[in-house]
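Participant: Model the following, please.
(one chain, ligands or ions: 2)
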Amino acid sequence: MDEPSVTEPGRPERLERPERSERPVRASAEGAEVAGDAVAAEEAVAAGDAVIATRALTKRYRGGQLAVDGLDLTVPAGSVFGFLGPNGSGKTTTIRMLMGLIEPTSGTARVLGRPMPRAARAVLPRVGALIEGPALYGFLSGRDNLLRYDAADPTADPRTRRARVAAALDRVGLAAAAGKKAKAYSLGMKQRLGLAAALLQPRRLLVLDEPTNGLDPQGMREIRTLVRELAGDGTTVFLSSHLLDEIEQVCTHAAVMARGRLITQGPVAELAAGRRGRLVVTTPDTGDAARVLKERGAAGIVIAGDRVTAQPPDGDLADLNAALVAAGVRVRGFGTERASLEDAFVALTGEGFDVAG
Ligand SMILES: Nc1ncnc2c1ncn2[C@@H]1O[C@H](COP(=O)(O)OP(=O)(O)O)[C@@H](O)[C@H]1O
Ligand SMILES: [Mg+2]
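Facilitator: Ligands and ions are numbered 1, 2, ... in the order given. Sure thing, here's the model as predicted:
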């Protein structure tokens, strides 16, 4: 990329992308296409459609890498949707297809009820996006970066520009640092400036690719707070992360990716609830307990102090408890922890979560 920009989708060259006509046109749903304006996008979503919906969305890069494999994603309006997966699982590739930055190899993607990339010109002004960290002009102040960015958006009203830039800077907590050169910004400040760019206009949807990447815990908390506030205003937020607890803390819904495929999606509470949490056995006989658990099919056994924890096997846990007692293990405590998204991930993929691409 040779021209710096704060976020990609609003760049003028994206908006000038010629609309495609070779795609199959389905009569009713695509009727709004002819109208070709943002009002149609609004109506499609108001009718209760998902804000993002993909069907069999697939991307194979030229080198042959199957990065996204038959993805069926449904993001409900008003959700804070976590797009979760280890590095290399296909999150950024999916987001780039959703934003019309790259073409799918096959399958379809609809954003705000309209097909992408075909309807990019109508859809993108309603979407704020932060993809793979913001690119900035280091020699310009944060404020001037935003002014310049907004000026490149043909749908942005120049008369309200300065006020909108000031409001966006304030929103992300950069008002005091607005006059500083961007190259003097910390990573967290740069990330927040990128978010401010996504907030220059009212948005129906915010798409944030790993918004807390590289931030310290304080910076991560600030982004989470901001995401909650935005969601409170009714904006649907779609954010990717490779951090499980981040998704659990802020998201109402989540989809889990592994190796380009969708493992599961739904409300966060339901994803975890369908799973058993880790089994915890408290006993002075930890070695024997671990052996019995292993024989009975428990996985991921960890001994710490007088606690043995494991991913429980299928079947009645009462039988497992009885087996421990029969083997002479003095069981002082036996139970399961509340299931987390991580348990769901491990149960669904058979892998730990921290696997890198
Ligand atoms: N431009 C590209 N050309 C070829 N392969 C790519 C390209 N971008 C990403 N990939 C590969 O596609 C897979 C998914 O990558 P990516 O979508 O960036 O995953 P994530 O964002 O979840 O880390 C990885 O194996 C990655 O190496
Ligand atoms: Mg990525």
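
Participant: spatially speaking, which residue is in the middle of this protein?
Facilitator: The centroid of the chain falls nearest to S240 when counting by C-alpha atoms, centre = their mean (2.2 Å).

Participant: elements contacting the helix or strand harbouring it?
Facilitator: Per DSSP states H and E, S240 falls inside strand 236-241. Using 3 or more C-beta pairs under 8 Å, 6 or more residues apart in numbering; DSSP states H and E as the contact criterion, the secondary-structure elements in contact with strand 236-241 are strand 80-84, helix 91-98, strand 205-209, helix 217-232. (Glycine included, C-beta is placed from N, CA and C.)

Participant: Select, out of these, the one closest to ligand 1.
Facilitator: Each of these was checked against ligand 1 via C-beta to the nearest ligand atom, and the shortest separation belongs to helix 91-98, namely 3.3 Å.

Participant: is the closest one anywhere near ligand 1?
Facilitator: Yes - Helix 91-98 is in contact with ligand 1 by C-beta under 6 Å from any ligand atom, via K91, T92, T93.

Participant: I'd like these as a markdown table, with neighbour count, pLDDT and distance to ligand 2 appended.
Facilitator: Shown next, in a markdown table, are the residues of helix 91-98 next to ligand 1 (neighbours: other C-beta atoms under 10 Å; pLDDT from 0 to 100; distance: C-beta to the ion, whole Å):
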| residue | neighbour count | pLDDT | distance to ligand 2 |
| --- | --- | --- | --- |
| K91 | 24 | 95 | 5 |
| T92 | 19 | 95 | 3 |
| T93 | 23 | 96 | 8 |
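
Participant: I'd like those residues as JSON lines, with distance to L230 appended.
Facilitator: Written out in JSON lines, the entries for those read as follows (distance: C-beta to C-beta, whole Å):
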{"residue": "K91", "distance to L230": "20"}
{"residue": "T92", "distance to L230": "21"}
{"residue": "T93", "distance to L230": "25"}
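
Participant: From D233, how far off is T93?
Facilitator: Computed as C-beta to C-beta, to the nearest Å, the T93 to D233 distance reads 29 Å.

Participant: actually L271, not the one I wrote
Facilitator: The span separating L271 from D233 equals 25 Å under the rule C-beta to C-beta.

Participant: who's more crowded, those two?
Facilitator: The neighbour count for L271 versus D233, taken as other C-beta atoms under 10 Å, is higher for L271 (27 against 8).

Participant: tell me the contacts of that one?
Facilitator: L271 makes contacts with A254, V256, T264, Q265, L341, A344, as judged by C-beta atoms under 8 Å, 6 or more residues apart in numbering.

Participant: Out of the residues you listed, which sit inside helices?
Facilitator: Judged by DSSP state H, the contacts of L271 include L341, A344 as members of helices.

Participant: Sketch out the low-pLDDT regions of the stretch 101-250 of the chain for me.
Facilitator: Scanning the stretch 101-250 of the chain with the threshold set as pLDDT under 70 gives 133-134.

Participant: Can you tell me which residues in it are near ligand 1?
Facilitator: Taking C-beta under 6 Å from any ligand atom as the criterion, ligand 1 has no neighbours within the stretch 101-250 of the chain.

Participant: Just checking the strand ranked longest in the chain against ligand 1, any contact.
Facilitator: The strand of greatest length in the chain, counted in residues with DSSP state E as the criterion, is given as strand 52-60. No - when contact is scored as C-beta under 6 Å from any ligand atom, no part of strand 52-60 falls within range of ligand 1; the minimum is 7.9 Å.

Participant: Could you list the buried residues of whichever helix or strand comes after that strand?
Facilitator: Sequence-wise, the next helix or strand beyond strand 52-60 is strand 66-71, with elements assigned using DSSP H and E. Across strand 66-71, burial judged by 16 or more other C-beta atoms under 10 Å covers A67, V68, D69, L71.

Participant: and strand 66-71, does that touch ligand 2?
Facilitator: No - among the residues of strand 66-71, none lie within reach of ligand 2 under C-beta under 5 Å from the ion; the closest is 10.2 Å away.

Participant: Now do that strand and strand 52-60, the angle between them.
Facilitator: Our comparison of strand 66-71 with strand 52-60, counting by axes from the mean of the first three to the mean of the last three C-alpha atoms, to 10 degrees, yields an angle of 140 degrees.

Participant: Compute the inter-axis angle for strand 66-71 and helix 91-98.
Facilitator: With the same axes, to 10 degrees as the basis, strand 66-71 and helix 91-98 are set at 60 degrees to each other.

Participant: who does strand 66-71 pair up with?
Facilitator: Here strand 66-71 is paired, per DSSP bridges, with strand 52-60 (antiparallel).

Participant: model confidence over the strand it pairs with, on average?
Facilitator: In this model, strand 52-60 carries a mean pLDDT of 97.

Participant: is ligand 2 contacted by that strand?
Facilitator: No - judged by C-beta under 5 Å from the ion, strand 52-60 stays clear of ligand 2, getting no closer than 13.0 Å.

Participant: Now do that strand against strand 205-209: the angle between them, please.
Facilitator: Using the same axes, to 10 degrees: strand 52-60 against strand 205-209 is 30 degrees.

Participant: buried stuff in strand 52-60?
Facilitator: Using 16+ other C-beta under 10 Å, the residues of strand 52-60 that count as buried are I52, A53, T54, L57, T58, K59, R60.
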